[in-house]
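[1] give the three-dimensional model of this entry:
(one chain, ligands or ions: 1)
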Amino acid sequence: MRKFENLVRAALVGWARNSDFPSMAVFLILSLCLAAAGCQRKTIRDEKPTDQTNQSRQSNQDTQRALDKGDLKLLYQPRKIPKAGSTVASNPQVLNQVVANLNEKIALPWDVTISFQDCDQPDAHYDPETRSITICYQLIDEYYDLFTHKIKDKAKLDDAVRGAVASTFFHELGHGLVDAWKLPVTGKEEDAVDQLSTLVLINNTNNGEQLALNGAAAFQLYADLERGTTKIFWDEHSLDEQRFYDTICLIYGHAPDKYSYLVKDGTLPEERADICREDYPRVAKAWHQLLSPYLKHSAGVETVSPAPQNAPNTR
Ligand SMILES: [Zn+2]
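    Model prediction:
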């Protein structure tokens, strides 16, 4: 439990109050570059474009226009029975803005539906047949149940759930992008899109590291709940314990000095931490190379200011 409390403490320090997951994501998607080389927080003003770079940029934009034949489409289905206290992702106007901003940044070969809806059970998934991402309100409720045993303050509880939902959303969007562009994946796709979700969050938001830490905390809580039950080693997902360590590994590797306390207090074992410092740039570079052809305005120059230092997961 000590580790969980440390994570939650870290996750809540500096949290932007009154931010909703959707409004966070609006900011997030302003720069969907993945912080690999060439995508690192330059501003246009820093560059002195040459004819060659202008031509390259134009060519890139032309290519993306040719590729971009679809959009993300929000299908917001209000809850049949509103649940008191479950307020994350409950504002369709803001969700629409998130989707609009994502469409400005991501090229897609076809439409992909994002559906917030009631389901028979807690779930989130991407369906390649219908090309749709589903986030069930029952999963959001489950995140509330998960965290509510540890966090009594309502605002902090909302923050924690927001992190878990944001991580889940970008995980599922990762599946959608792998399917849309037939991105090569070695290893388990579930691990790969966990990585993508964490990378997007920690590199592109004011409070994304906190969101990612909350996503990791959710994995740890699931692992605690499942203690004593039979572990499913054959599952396409890694074990929740592993997803927890994999997530904090990237967060630590992204900013080792800032998150050195995770190693000092034993949350992240030193043996793994050494590897995380190497894993982070490797994973970030790989995802950047895979996705950069499909990110609009991705000619290696970002138009946003450097993300603050302060800059989340899923099933
Ligand atoms: Zn998945």
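
[2] could you list the low-pLDDT ranges of this protein?
    Along the chain, segments meeting pLDDT under 70 span 1-65, 205-206, 298-315.

[3] so what's the residue count around His175?
    Neighbour count of His175, defined by other Cβ atoms under 10 Å: 20. Using the backbone N, CA and C atoms, a C-beta is placed for each residue, glycine as well.

[4] and it, what helix or strand is that in?
    helix 154-181 (DSSP states H and E).

[5] continuing past that helix, what's the next helix or strand?
    Following helix 154-181 in sequence, per DSSP H and E, is helix 189-204.

[6] ok, then the element right after that following helix?
    helix 208-225.

[7] give the other helices and strands that that next one contacts.
    If contacts are counted by 3 or more Cβ pairs under 8 Å, 6 or more residues apart in numbering; DSSP states H and E, helix 208-225 sits against helix 2-12, helix 21-28, helix 137-148, helix 154-181, helix 189-204, helix 240-254.

[8] recalculate using a threshold of 6 Å.
    helix 2-12, helix 154-181, helix 189-204, helix 240-254 (3 or more Cβ pairs under 6 Å, 6 or more residues apart in numbering; DSSP states H and E).

[9] flag every buried residue along that helix.
    208-223 (16 or more other Cβ atoms under 10 Å).

[10] re earlier: Throw the helices and strands packed on helix 208-225 into CSV and include distance to Tyr143, thanks.
    Listed next are these as CSV, based on distance: least, Cβ to Cβ, whole Å:
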stretch, distance to Tyr143
helix 2-12, 13
helix 154-181, 4
helix 189-204, 15
helix 240-254, 14
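
[11] of those, which is nearest Trp110?
    Closest to Trp110 of those, according to Cβ to Cβ: helix 154-181, at 6.7 Å.

[12] tell me which other helices or strands that closest one touches.
    Looks like helix 154-181 contacts helix 21-28, strand 124-127, helix 137-148, helix 189-204, helix 208-225 (3+ Cβ pairs under 6 Å, 6+ apart).

[13] apply 7 Å and report the result again.
    helix 2-12, helix 21-28, strand 124-127, strand 132-136, helix 137-148, helix 189-204, helix 208-225 (3 or more Cβ pairs under 7 Å, 6 or more residues apart in numbering; DSSP states H and E).

[14] I'd like to know how far the residue nearest in space to the middle of the chain sits from Glu270.
    For the chain, the residue nearest the mean C-alpha position is Ser197 (2.9 Å; Cα atoms, centre = their mean). Distance of Ser197 to Glu270, computed by Cβ to Cβ, to the nearest Å: 26 Å.

[15] fine by me, we can end here.
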